[in-house]
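Q: The amino acid sequence is not available; the structure is as follows:
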């Protein structure tokens, strides 16, 4: 994992393999709640698999660019 802990709002490896919590490894303690996504075998360990419809990881208390407004971050791999 390569991220700058001084500027990262949150960093999530999704490698736990079970449960409903996405652990924040940035040190900011912004754990996320996994809703709908399922753990699956990834290229390196486990990952989250999304169905492309309604799966989410919700992180509360993140005050980045939009202040306290709701935010969405999308990742394409």
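A: Okay, I see it. All of these numbers come straight from a predicted model, not from anything done at the bench. Residues are numbered from 1 along each chain as shown.

Q: which residue sits closest to the residue sitting nearest the centre point of the chain, ignoring its sequence neighbours?
A: Nearest residue to the geometric centre of the chain (CA atoms, centre = their mean): residue 12, 4.6 Å. Nearest residue to residue 12, sequence neighbours excluded (CB to CB, 6 or more residues apart in numbering): residue 22, at 4.7 Å. From N, CA and C alone the C-beta is placed, and that goes for glycine too.

Q: same deal with residue 50?
A: Nearest non-adjacent residue to residue 50, counting by CB to CB, 6+ apart: residue 37, 5.1 Å away.

Q: Verify the contact between the one you found and residue 57 for me.
A: Yes: between residue 37 and residue 57 a contact is recorded at 6.7 Å, counting by CB atoms under 8 Å.

Q: List the pairing partners of the helix or strand of the chain at the bottom of the mean pLDDT ranking within its sheet, with orientation.
A: Among the helical and strand segments of the chain, the one scoring lowest on mean pLDDT, DSSP states H and E is strand 56-59, with a mean of 87. Sheet pairing here is set by DSSP bridges, and for strand 56-59 it gives strand 32-35 (antiparallel).

Q: from the middle of its chain, how far away would the strand it pairs with be?
A: The chain centroid and the centroid of strand 32-35 are separated by 8 Å, computed with CA atoms, centre = their mean, to the nearest Å.

Q: Give the buried residues for it.
A: 32, 34 (16 or more other CB atoms under 10 Å).

Q: what's downstream of that strand, the next helix or strand?
A: Next helix or strand after strand 32-35 toward the C-terminus (DSSP states H and E): strand 38-41.

Q: Buried residues in the helix or strand just after that next one, which are they?
A: For strand 38-41, the following helix or strand on the C-terminal side (DSSP H and E) is strand 46-49. Buried residues in strand 46-49, defined by neighbour count with 16+ other CB under 10 Å: 47-48.

Q: Give the other helices and strands that strand 46-49 contacts.
A: Counting contacts by 3 or more CB pairs under 8 Å, 6 or more residues apart in numbering; DSSP states H and E, strand 46-49 is packed against strand 38-41.
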